[in-house]
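Enquirer: sequence first, predicted model second:
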Amino acid sequence: MEGFEVNKRDNDNVAILNLKGYLDAHTAPDLESAFQQLIDTKSYNIVVNFADLSYISSAGLGVFMGFIEDIRKNGGDIKLSSMKPKIYRVFDLLGFPTLYDILDEEEKAVAKFKDAGEQS
Amino acid sequence: MEGFEVNKRDNDNVAILNLKGYLDAHTAPDLESAFQQLIDTKSYNIVVNFADLSYISSAGLGVFMGFIEDIRKNGGDIKLSSMKPKIYRVFDLLGFPTLYDILDEEEKAVAKFKDAGEQS
Amino acid sequence: MVSHLPEKQKTYQLKLPSQSDNLALIRDMVSKIATQVGFDNDESSKIELAVDEACTNVIRHAYPQSPGQVIDVLIKVDANKLMITVSDKGKGFNPDTVKVSDLAESIRAGRRGGLGLRLIKTLMDKVDFQIQPGTKNQVKMVKYFS
Amino acid sequence: MVSHLPEKQKTYQLKLPSQSDNLALIRDMVSKIATQVGFDNDESSKIELAVDEACTNVIRHAYPQSPGQVIDVLIKVDANKLMITVSDKGKGFNPDTVKVSDLAESIRAGRRGGLGLRLIKTLMDKVDFQIQPGTKNQVKMVKYFS
Ligand SMILES: Nc1ncnc2c1ncn2[C@@H]1O[C@H](COP(=O)(O)OP(=O)(O)O)[C@@H](O)[C@H]1O
Ligand SMILES: Nc1ncnc2c1ncn2[C@@H]1O[C@H](COP(=O)(O)OP(=O)(O)O)[C@@H](O)[C@H]1O
């Protein structure tokens, strides 16, 4: 059976998480650990790339809700990119687009952090 | 869900059936029709290529049992080729290799008909 | 090999332990049945997600003291609809007083949940609860053929 | 995400209409459960085929007059084995007198069947029949963890 994988890359001061497979109540703890590690190392500029994610349930969305306040308080953000339409629909149904930056390409999400950095 | 497909090609006087997907009690009737058509057109030299078949149950094997007598009586044969190990195991468990020619490559199966033709 | 709308009612039932590693199995089964009886991929994936949410709730909330109890997924299909009932024998809940907070509110309150029942109601055509704590708690969901 | 051998007994049950288009569903389910509880691909595919054969027999033989009756597939897994019971409420049969002819004999006799029960017995470690026509006919199959 297809599983779930989360892989971390860095682009300057932006941490990128690539998600792969299915993100549900069974695999959400893996994503939580990945976020916890970023926070432990004070990496608050985070882009999550959904290109290879094929399924998400609300248990997966809960992870993004759980960390966003803490990360924003520390001057960072979680930006989401490259969702398949089926995945975007779930975020959309629950109102995420008004509270989270959701971009169609990873580069655009990364650029948002860099633009913000130049302005400050 | 993956289905079942049978496609017919010709190599001179040998008819080649390519099987794809899964062959079980649900899809066996499709293979039966394909054999019936060959018999209706007096195509008795038959090679069945299993390269793209991923599953077979005894309902599938029954089709080969049902037509072999008739075809051999008419001077032809059903030769089987290119089975994945998982598929070959099922034929092997039931004793097919002593009663059917099972070759590792389609060309070898076709050649057997041509050699026989030259000898006669 | 072509799927047809069923002429008479068909029943499918799946019972398995309330453990999160079974969610993928349940989804697989449900989406295959939905497709087989004639829903397109888009509708099937809505049904799949709604059932995942209901089963996730059984795993997380119904049996807080003891994982590995039974989740019961019953699917009935007739000429115009698919009906799925997800049942547990756990502690139950009151669907009328469950807090369905909106996203901003949940985030402010530091809650990471509360989205499952909202999704179920949005994804399915009809949702109905029958709660008898310890005996039988049911979420009944209906999707009509369009 | 790694599979472990189960510590205590787990039960899975699947009931669905006795129609050949459900065989793929059953196989899928059974092979996923077998893999999930710790069998390798090779063992899983043997279990999958044995269950297909038992269910094909229910579809073909148990209810000759009326398709769409129930096939019941019950899987129990404990620390050292997986046990699958395939049941029907159909006409039943006598497993001791069923003719298990060899291949050459079947072909000469123009029979295309008779291979299913042989396969089941070869693929599984233990097979047991309990037949009560019209009430409950069961094929119980066991595979041990190696
Ligand atoms: N099967 C169930 N058994 C017990 N309680 C349930 C069940 N399903 C839902 N609930 C209750 O309803 C609440 C809301 O569920 P839901 O909207 O899915 O959000 P979440 O599960 O994230 O809290 C749960 O927190 C729980 O209290
Ligand atoms: N569930 C069942 N209900 C009734 N008869 C059965 C059942 N399973 C097996 N049988 C009987 O056993 C015989 C042998 O079965 P099998 O070895 O699978 O070969 P086949 O199904 O090809 O005849 C069948 O022909 C049938 O008479």
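Expert: Alright, I've got the coordinates. Keep in mind that this is a model prediction, so the values were computed, not measured. Ligands and ions are numbered 1, 2, ... in the order given.
Enquirer: only C-alpha atoms from now on, for both contacts and neighbour counts.
Expert: Will do.
Enquirer: chain center to stretch A:63-82, what's the gap?
Expert: With CA atoms, centre = their mean, to the nearest Å as the basis, stretch A:63-82 stands 8 Å off its chain's centre.
Enquirer: kindly format the C-alpha coordinates of it as CSV.
Expert: Output in CSV follows, covering the C-alpha atoms of stretch A:63-82 (Å, rounded to 0.1, in the frame of the first residue of the first chain):
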residue,chain,number,x,y,z
VAL,A,63,-1.4,19.7,11.7
PHE,A,64,-1.3,23.0,9.9
MET,A,65,-3.7,24.5,12.3
GLY,A,66,-1.7,23.3,15.3
PHE,A,67,1.5,25.0,14.4
ILE,A,68,0.6,28.2,12.6
GLU,A,69,0.0,30.4,15.6
ASP,A,70,3.3,29.5,17.2
ILE,A,71,5.2,30.0,13.9
ARG,A,72,3.6,33.4,13.1
LYS,A,73,4.3,34.6,16.6
ASN,A,74,7.9,34.0,15.9
GLY,A,75,7.8,36.0,12.7
GLY,A,76,7.5,33.1,10.4
ASP,A,77,4.8,31.5,8.3
ILE,A,78,3.7,28.2,6.7
LYS,A,79,3.0,28.7,3.0
LEU,A,80,1.4,25.9,1.0
SER,A,81,2.1,25.2,-2.7
SER,A,82,1.5,22.9,-5.7
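Enquirer: contacts for it?
Expert: Identification of contacts with stretch A:63-82 by CA atoms under 8 Å, 6 or more residues apart in numbering or on different chains yields A:28, A:31-32, A:35, A:39, A:44-51, A:100-106, A:109, C:107-108, C:110-112.
Enquirer: the closest residue to A:Val14 other than its chain neighbours - how many residues pack around it?
Expert: In space, and not counting its chain neighbours, A:Val14 is closest to A:Asn45: 5.0 Å by CA to CA, 6 or more residues apart in numbering or on different chains. Around A:Asn45 there are 22 other residues, counting by other CA atoms under 10 Å in any protein chain shown.
Enquirer: for chain C, see how far away A:Asn45 is.
Expert: 19 Å (CA to the nearest CA, to the nearest Å).
Enquirer: hang on, the earlier thing: any of the contacts of stretch A:63-82 buried? List them.
Expert: Neighbour counting with 16 or more other CA atoms under 10 Å in any protein chain shown marks A:28, A:31-32, A:35, A:39, A:44-51, A:100, A:102-103, A:106, A:109, C:107, C:112 as buried within these.
Enquirer: contacting residues around the residue sitting nearest the centre point of chain C?
Expert: The centroid of chain C falls nearest to C:Val51 when counting by CA atoms, centre = their mean (2.8 Å). C:Val51 sits next to C:Arg27, C:Val30, C:Ile84, C:Val86, C:Ile120 when contact means CA under 8 Å, 6+ apart.
Enquirer: let's see which of the contacts of stretch A:63-82 end up in helices.
Expert: For those, the ones inside helices are A:Ala28, A:Leu31, A:Glu32, A:Phe35, A:Ile39, A:Glu106, A:Ala109, C:Ile107, C:Arg108, with DSSP state H as the criterion.
Enquirer: farthest-apart pair in those residues, please.
Expert: A:Glu106 and C:Arg108 (27.1 Å; CA to CA).
Enquirer: host element of residue 71?
Expert: Here I'm looking at chain A. Using DSSP states H and E, A:Ile71 falls within helix A:58-73.
Enquirer: you answered for a different chain; I wanted chain C.
Expert: Secondary structure (DSSP H and E) places C:Ile71 in strand C:70-77.
Enquirer: other residues contacting that strand?
Expert: With CA under 8 Å, 6+ apart as the criterion, strand C:70-77 contacts C:6, C:9-18, C:37, C:55, C:58, C:82-89.
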